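Trainee: Model the following, please.
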Amino acid sequence: MEADPGLECCAASLAFNPLPDNNLDSFPLTYARRVLLASLVTIGMGQTVLFAVLAPLGREIGLLEVQVGAIISLSSLTVFLSAPIWGRTSDRWGRKKVMLVGLFGYSVGTVLFAGVFQSALWGVIGGTTAFVALIVSRILHAIVMAATMPASSAYMADITTVATRTKGMGQVGAANNVGAILGPAMGGGLAMISLLTPLYCAAVLTLITGFLVWRYLPRSPGRIIQVKPERMRYTDPRIAPFIGIGVLMFMGFAIVQQTMAFRMQDALGLTSTETARMFGAGMMLSAASSLVAQIVVVQRMELEPFTLLRLAIPILIVTFAVMASVESAPWLLFSMTLLGFGMGLAGPGFMSGASLAVTAEEQGAVAGIAGSCPPLGFTIGPIAGTAMYQLKPELPYLFALCVYIALFLAMAWLSRRARRRNN
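Mentor: Predicted coordinates for the structure are as follows:
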């Protein structure tokens, strides 16, 4: 964590427990929260813009569905491997420095990735060469963009207390969802110019955000760890239940993200541009529904992490059942709305549960571990989902349905195990 010279007395008192209720009084809490959440809105925009245009872009240059899924899976695997490293690095470098690496790296990497697609659309490269170039550029992109979320989540942990941690993580998710609402709107509109225009615009917005964070985000109110922190393991019994839930939860979400555009295009007979707009509308509805869940339920109700997860998983079970059984536009859009509401409950429960399970000095490490669960889910989900989609369009959603039923049945045991560990 970063030590601010203007907060030395606060930092000294935070040496062993950075988050007592009465030690954030001298920190510009509201100001810091606003800048942090504004940056997360931009990150959410960039992520959802890519998912809105990737499937139709892939088909435009002749990629198979499973090849498009492989691009996301390999880049997600890279984020999975990189995020814990960046989380621990934020304990030594400071949250703000690592956030800046992620934001500026995201901007440069997006331009590189879009440039490879542009070359393929112009016919400069094609076939296997284009596929390999897209994978390499996306992996390089993923290495640096993986820095942003662990550092941001750890920053939020630094400026919240134990009592406000779940709400703080809910605000992180809500900010991402605001971006996820704006991203598809921007993508759908700009796709009328070209399918790559949304990516270039996302790169510019992220670059601007990086400069704003550099100039205006206050340094984190904790102390920098001078020695290299001990590596936290995924099998750490304090967080293992949440890690298992997180990976499976995001795997199901990734299956939808990567196959729904194909399903809409095939079931409704859409063109590439129409597909980007329809899927963008679905992602907007999903993000808006998630935002409602986080504002109405997470922020206003004092619910424990496992309670949020027990509410979310049955909703997601119903979601996958609907996706597997319908082919009309209204029902597909409704299912994406339902998906967003369930994920809006599950995300803060997963993140806050992992954060509250460890000590204050381990917040960067646990943020990196927890932050790697979505990319691990997105490593498995897209390639598995697209492979199953090629066999039968309904199969990815039936598979996710079975996974979530098993997860729901395991929740009682996981909850008891977590309580025993905490006691």
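Trainee: OK, contacts around Phe51?
Mentor: Contacts for Phe51 (CB atoms under 8 Å, 6 or more residues apart in numbering) come out as Gln257, Gln258, Ala261, Phe279, Met283. Using the backbone N, CA and C atoms, a C-beta is placed for each residue, glycine as well.
Trainee: To clarify, my last question referred to Ser372.
Mentor: So Ser372 contacts Val79, Phe80, Leu81, Ser82, Ala83, Pro84 (CB under 8 Å, 6+ apart).
Trainee: Specify the local secondary structure of Val79.
Mentor: At Val79 the chain is in helix, as set by DSSP: H, G, I helix; E, B strand; the rest coil.
Trainee: my read: it touches Met145, true?
Mentor: Yes: counting by CB atoms under 8 Å, Val79 does reach Met145; the two are 7.4 Å apart.
Trainee: Show me which of those two is the more surrounded one.
Mentor: The neighbour comparison of Val79 against Met145 (other CB atoms under 10 Å) goes to Met145, with 30 against 25.
Trainee: Among the contacts of Ser372, which one has the most neighbours?
Mentor: Neighbour counts for these peak at Ala83, which has 29 neighbours (criterion: other CB under 10 Å).
Trainee: Flag every buried residue along the longest helix belonging to the chain.
Mentor: In the chain, taking DSSP state H as the definition, the longest helix is helix 29-60. For helix 29-60, a neighbour-count test (16 or more other CB atoms under 10 Å) marks 32-33, 35-60 as buried.
Trainee: can you give me the mean pLDDT across that helix?
Mentor: The average of the pLDDT scores along helix 29-60 is 81.
Trainee: among the contacts of Phe51, which two are most distant?
Mentor: With CB to CB as the measure, no two of the contacts of Phe51 lie farther apart than Gln258 and Met283, at 12.2 Å.
Trainee: Give me the secondary structure label for Pro393.
Mentor: coil.
Trainee: Could you check how far the closest residue to it other than its chain neighbours is from Gly126?
Mentor: Closest residue to Pro393 apart from its sequence neighbours, by CB to CB, 6 or more residues apart in numbering: Arg263 at 5.7 Å. Separation of Arg263 from Gly126 (CB to CB, to the nearest Å): 27 Å.
Trainee: SS state for the residue nearest the centre of the chain?
Mentor: Nearest residue to the geometric centre of the chain (CA atoms, centre = their mean): Pro374, 6.1 Å. Secondary structure for Pro374, judged by three-state DSSP, is helix.
Trainee: nearest residue to it other than its sequence neighbours?
Mentor: Using CB to CB, 6+ apart and skipping residues adjacent in sequence, the residue nearest Pro374 is Phe250, 4.4 Å away.
Trainee: Contacts only, for that neighbour.
Mentor: Here Phe250 is in contact with Cys373, Pro374, Leu376, Gly377, Phe378, Gly381 (CB under 8 Å, 6+ apart).
Trainee: and which of those is nearest Thr161?
Mentor: Nearest to Thr161 among the contacts of Phe250, with distances taken as CB to CB, is Cys373, at 24.1 Å.
Trainee: Enumerate every residue touching the closest one.
Mentor: Here Cys373 is in contact with Ile243, Gly246, Val247, Phe250, Phe350 (CB under 8 Å, 6+ apart).
Trainee: What about these, which are in helices?
Mentor: Of the positions in the contacts of Cys373, Ile243, Gly246, Val247, Phe250, Phe350 sit in helices, assigned by DSSP H.
Trainee: which residues in the stretch 51-200 of the chain form helices?
Mentor: 65-93, 95-122, 127-145, 148-158, 165-190, 197-216 (DSSP state H, counting those that start in this stretch).
Trainee: from those helices, which stretch is densest packed?
Mentor: The highest average neighbour count among the helices of the stretch 51-200 of the chain, using mean count of other CB atoms under 10 Å, belongs to helix 148-158 at a mean of 30.
Trainee: so for it, what's the average pLDDT?
Mentor: Per-residue scores along helix 148-158 average to 84.
Trainee: Specify the angle between it and helix 95-122 in degrees.
Mentor: Per axes from the mean of the first three to the mean of the last three CA atoms, to 10 degrees, the angle that helix 148-158 makes with helix 95-122 is 160 degrees.
Trainee: Pull out the buried positions in the helix or strand hosting Met260.
Mentor: In the assignment (DSSP states H and E), Met260 maps to helix 240-268. Burial within helix 240-268, assessed by neighbour count using 16+ other CB under 10 Å, is assigned to 240-243, 245-265.
Trainee: nearest to Ser152, of the contacts of Phe250?
Mentor: Once CB to CB is applied, the member of the contacts of Phe250 that ends up nearest Ser152 is Pro374, at 13.2 Å.
Trainee: Check the gap between Ala354 and Met251 for me.
Mentor: 17 Å.
Trainee: ugh, wrong one, I meant Val213
Mentor: When Val213 is compared with Met251 (using CB to CB), they lie 31 Å apart.
Trainee: Surely Leu140 touches Thr110?
Mentor: No: if you go by CB under 8 Å, Leu140 and Thr110 don't touch, sitting 11.2 Å apart.
Trainee: on that earlier part again, least reliable of the helices of the stretch 51-200 of the chain going by mean pLDDT?
Mentor: The minimum mean pLDDT among those belongs to helix 165-190 (a mean of 73).
Trainee: quick one: contacts for the closest residue to Leu268 other than its chain neighbours?
Mentor: With sequence-adjacent residues excluded and distances taken as CB to CB, 6+ apart, Leu268 is closest to Ala329, at 5.9 Å. Going by CB under 8 Å, 6+ apart, Ala329 touches Met264, Leu268, Met278.
Trainee: Also Pro396?
Mentor: Residues near Pro396 by CB under 8 Å, 6+ apart: Ile255, Val256, Thr259, Ala384, Gly385, Thr386, Met388, Tyr389.
Trainee: how close does it sit to Glu60?
Mentor: Distance, Pro396 to Glu60, by CB to CB: 22 Å.
Trainee: ditto for Gly344
Mentor: From Gly344 across to Glu60, the span is 32 Å (CB to CB).
Trainee: what does Ser194 give?
Mentor: In this view, Ser194 and Glu60 are 10 Å apart by CB to CB.
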